[in-house]
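J.: Just a sequence and a predicted model for now, questions to come.
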Amino acid sequence: MATLTVSISESVTLNGKERGSVNTTDITGVTLVNDRIVSVGTAEQSLLLFDSAAAAGQFADSTVDYLRITNLDGTNFVSLRVTAGNDEYFVKISPGDSFVLFETVMDADSASGVATMTLANIDSIKAKADTAACDVEIFVAA
């Protein structure tokens, strides 16, 4: 087993004063790392699948400790569709930006009024490039 160290750092000088911080977390018990680059076209395609058991191209529910998807393109954005059952939400990843999760559970609620939260395991993450194919880096630690 290994320990994954994740650091998030912000640094900006505003009105002559340095602002920002560094936050670091250690994720212990990592036994699997999946790191790959995928070309995402303008038609939606699956990037990651989740289910009750691990299989080819699929991660077992509740086993992923860290997930990052980075848009490596310099011009075009990528849209992600994250689904769990009948719920889904979308995320735009601009050129050079990343989408990060430390848990693979979600909830989406379109009902008006008081929303209730019911977290469920993510079933899939799909991607679609906006204008032209984009390379994305996928890093998963479980």
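T.: Arrived safely, thanks for sending.

J.: going forward, measure contacts and count neighbours with C-alpha atoms only.
T.: Noted.

J.: Just the pLDDT at Ala53, thanks.
T.: Per-residue pLDDT puts Ala53 at 88.

J.: so what's it up against?
T.: For Ala53, the contact set (CA atoms under 8 Å, 6 or more residues apart in numbering) comprises 59-61.

J.: same deal with Asn34?
T.: Counting by CA under 8 Å, 6+ apart, Asn34 makes contact with 138-141.

J.: hey, what's it bridged with?
T.: Applying DSSP bridges to Asn34 gives these bridge partners: Val140.

J.: shaky segments in this structure?
T.: Counting by pLDDT under 70, the low-confidence segments of the chain come to 109-115.

J.: Point me to the residue sitting farthest from the middle of it.
T.: Largest separation from the mean C-alpha position in the chain: Gly16, at 34.3 Å (CA atoms, centre = their mean).

J.: And for Ala120, the neighbour number?
T.: Summarising burial for Ala120: neighbours were counted as other CA atoms under 10 Å, giving 16.

J.: nope, Asn76 is what I was after
T.: Other residues within reach of Asn76, judged by other CA under 10 Å, total 18.

J.: Just the element for the residue lying closest to it once chain neighbours are set aside, please.
T.: The shortest distance from Asn76 to any residue that is not its chain neighbour, by CA to CA, 6 or more residues apart in numbering, is 5.8 Å, and that residue is Pro95. Taking DSSP states H and E as the criterion, no element holds Pro95; it sits outside all helices and strands.

J.: Pro95 and Leu72 touch, don't they?
T.: Yes. Using CA atoms under 8 Å, Pro95 and Leu72 qualify as a contacting pair, with a distance of 6.4 Å.
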